[in-house]
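1. quick one: sequence plus predicted model below, questions after.
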Amino acid sequence: MACFSCILRTKEISRQQHNQFSEDIPGIESVTIYTYKELKNATNCFSPANKIGEGGFGSVYKGRLRDGKYIAVKVLSSESKQGAREFLTEITVISGIIHDNLVKLYGCCVEGSHRILVYNYLENNSLAQCLLGSNRNNIHFNWRTRVKISVGVARGLTFLHEEVQPHVVHRDIKASNILLDKDLTPKISDFGLAKLLPANMTHVSTRVAGTIGYLAPEYAIRGQVTRKSDIYSYGVLLLEIVSGRCNTNTRLPYKDQFLLERTWALYESGKLVDIIDTSLTDDLDVDEACRFLKVGLLCTQDDMKLRPSMSTVIRMLTGEKDVNSVEITRPGIIDDLMDLKIKSKNKADPVNASSTSSALDTPSSLDDTTHAFMSFTTISERD
């Protein structure tokens, strides 16, 4: 009888904690609440063998529930104050959003001091791992697959920017935040840095957060969040997908180290085809690949007013709108910030001094007015 009373008392305490926490998190009532024991069992006590991702705010584990469903379990570090804010943001932003090109939040755990998010498990890692990173030989990314990924991410962003109310600015679009399911369908992940943008507002001023190489210059300098800052990041990502290389790689000759600068130089000289990934063979459509590169350059123009909306980007990618009829102006590049990050990376790791998108997940202080910190990077599998 005593043991039964303990069980009832434990459940009541857990229920009270959940009710108290629910008052502070809009949207939590619409997600499944998992117990800590349930997630501990699903991940085999959060075994290192099941760890599939790690970032500044905690770790991600592959898990399997009692009903056989595989899940990705994102555990917030108890020592991370920044992470607590991202935890609340992620639940608020994504709990009621469903789209084919967005990760799906199954639920969370708010038991005691534990703060855990539970997502659908995605089998094929992140784009950073599979296309740009060490696992790139595991999957053959032919041209049609890259088209599918490029358009899919654009559709996901269009949904966030133009269909969801209030609009959502992701703030950390990058290769490591694009996850791939078993069919290589892209899913935008990690909404910890996202900002809601009401319909009557053009921007939100905030502390700068994101990843060097993907940051729009006006956002890095002034801290003004707009949908155009996401579009800039998408443009860089699009160049990475077509070229098959990271936005920055210091192992290359200096003129080739920065992908955006190199692409612009080749565009000006009429040699845009030279940046296309040489591993693409049989199904490569050179004209279409060059069109995608031009869209990437349009998205990264220095004047953010000239960058197309994401719905226009989709029309350009699919050929519904002629890219060649639009003038492409010089891209916005923050050389000083990139140089500072690279010098810091090289000093810390002189042997592997290639600053890829998946290797930059460490905090970075830039100056008194501009700071950048890396969001929590979720990947779905590790070989």
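-> The structure has been received and is ready for your questions. For clarity, every value in this text was computed on a predicted model and none was experimentally measured.

2. C-alpha only now, for contacts and for neighbours.
-> Will do.

3. how near is residue 227 to residue 95?
-> Taking Cα to Cα, to the nearest Å as the measure, residue 227 falls 21 Å from residue 95.

4. in terms of neighbours, single out the busier of the two.
-> Counted by other Cα atoms under 10 Å, residue 227 and residue 95 do not tie: residue 227 has more neighbours, with 24 against 20.

5. number of residues surrounding the closest residue to that one other than its chain neighbours?
-> Closest residue to residue 227 apart from its sequence neighbours, by Cα to Cα, 6 or more residues apart in numbering: residue 169 at 5.7 Å. Counted by other Cα under 10 Å, the residues lying close to residue 169 total 26.

6. what of the one 5 residues further on?
-> Residues contacting residue 174 under the criterion other Cα under 10 Å number 30.

7. show me what contacts it?
-> Residues near residue 174 by Cα atoms under 8 Å, 6 or more residues apart in numbering: 211, 214, 233-234, 237, 357.

8. what residues are up against the residue nearest to residue 227?
-> Counting by Cα under 8 Å, 6+ apart, residue 169 touches 160-161, 194-197, 225-227, 230.

9. swap in residue 273?
-> Residue 273 touches 286, 290, counting by Cα under 8 Å, 6+ apart.

10. three-state assignment of it?
-> For residue 273, the assignment made with DSSP: H, G, I helix; E, B strand; the rest coil gives helix.

11. before we move on, what about the one 5 residues further on?
-> Put simply, residue 278 is coil when judged by three-state DSSP.

12. for residue 93, same thing?
-> Here residue 93 is recorded as helix under three-state DSSP.

13. just the pLDDT for it.
-> Looking at residue 93, its pLDDT stands at 82.

14. pretty sure it contacts residue 194?
-> Yes - in this structure, residue 93 is within contact of residue 194 by Cα atoms under 8 Å, at 7.3 Å.

15. which neighbours do these two have in common?
-> Common neighbours of residue 93 and residue 194 (criterion: Cα under 8 Å, 6+ apart): residue 168.

16. what number of residues lie near residue 254?
-> Neighbour tally, residue 254, other Cα under 10 Å: 10.

17. apologies, that question was intended for residue 234.
-> The burial count for residue 234: 27, using other Cα under 10 Å.

18. pipe the contacts of residue 174 into TSV and attach secondary structure per row.
-> Shown next, in TSV, are those (three-state DSSP):
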residue	secondary structure
211	coil
214	coil
233	helix
234	helix
237	helix
357	helix
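
19. between those, which is nearest residue 43?
-> Nearest to residue 43 out of the contacts of residue 174 is residue 357 (Cα to Cα; 27.5 Å).
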